[in-house]
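[1] compute the structure for the input listed below.
(one chain, ligands or ions: 1)
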Amino acid sequence: MTTLELDGVHTYYGESHILQGLSLSVEAGEIVALVGRNGVGKTTTLRTALGLTPPREGTVRFDGTDVTGMEPHEIAARGMGWVPEERRVFSHLTVEENLRVAAHSAADPGARIAGAYELFPALDRFADKEAGDLSGGQQQMLAIARGMLGDNDLLLVDEPSEGLAPQIVEDVVEALRAASADTTMVLVEQNFRLAMDLADRFYLIDHGVVVEEGETAGVTSEDERIRRYLTA
Ligand SMILES: Nc1ncnc2c1ncn2[C@@H]1O[C@H](COP(=O)(O)OP(=O)(O)OP(=O)(O)O)[C@@H](O)[C@H]1O
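    Below you'll find the model as predicted:
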């Protein structure tokens, strides 16, 4: 079943025409990576799906429903979650409180939070610590855990590895892999190798359109069809 489908979307910031007829689809259970140079429109693609920057043309379908033009909170309520680039944890709440806020609408929040701790043992260790005092990697894990607790069918994760040390990136990758067992994911990722490693399929974006797509297996940034879009 198709979870997310963007069909010929054109998205603008004011007069800036950013997405220029972009189409992609995500099947239930997949991890799909959006890759491409800085500024080509990856984050804008997520914002378009979420209704934060709705398209002027084209359609967004989520779980079979046309959600184009719906308010972001309506789309979110249908089960589309977002782990934004800037992470947005509540820094003055503890880890546990952050998780409780995210799980408030779940049928059994306690069990869900216990499940999250199993998946992210580092969070369990720091349950009583204020989120603002966590390291960048721990905050990223908290942001992912919060996205999962929202009972989402689809989680859009923007630049999870940004600004993290390589060892911590490994932990975050493991967390995303574990999280993907329950949730379909779209991942925006600058680190090409990591994106290919984690995702099942990829879309390579350039100037607001998809220029290459396919399975990730065996794909490297040295492939000529990829390299010319990644190097300036
Ligand atoms: N709020 C905004 N107002 C105007 N222009 C914007 C806004 N946000 C992004 N842009 C511009 O839109 C273009 C696409 O940005 P977007 O963030 O989608 O790119 P990206 O591929 O995600 O790259 P990055 O990794 O740098 O975020 C860029 O040229 C950016 O400068």
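[2] show me what the host helix or strand of Ala122 packs onto, helices and strands only.
    If you go by DSSP states H and E, Ala122 is part of helix 121-125. On a contact count with 3 or more Cβ pairs under 8 Å, 6 or more residues apart in numbering; DSSP states H and E, helix 121-125 meets helix 109-119, helix 136-149. In short, each C-beta sits where N, CA and C put it, glycine included.
[3] now the most centrally placed residue in the chain: closest residue in space, sequence neighbours ignored.
    The chain has Val157 as the residue nearest its centroid, 1.6 Å off, counting by Cα atoms, centre = their mean. Leaving aside its chain neighbours, Val157 sits nearest to Val83 (4.5 Å; criterion: Cβ to Cβ, 6 or more residues apart in numbering).
[4] next one: Ala199
    Closest residue to Ala199 apart from its sequence neighbours, by Cβ to Cβ, 6+ apart: Ala33 at 3.6 Å.
[5] how about the lowest-mean-pLDDT helix or strand in the chain: buried residues?
    Across the helices and strands of the chain, mean pLDDT, DSSP states H and E gives its lowest value to helix 166-179, namely a mean of 84. If you call a residue buried by 16 or more other Cβ atoms under 10 Å, then helix 166-179 has these buried ones: 168-169, 171-173, 175-176, 179.
[6] again, but for stretch 174-194
    Neighbour-count burial for stretch 174-194 flags 175-176, 179-180, 183-189, 191-192, 194 (criterion: 16+ other Cβ under 10 Å).
[7] got the residues of the protein near the ligand?
    Residues of the chain found near the ligand (Cβ under 6 Å from any ligand atom) are 13, 16, 18, 36, 38-44.
[8] OK, contacts around Thr59?
    5-9, 66, 68 (Cβ atoms under 8 Å, 6 or more residues apart in numbering).
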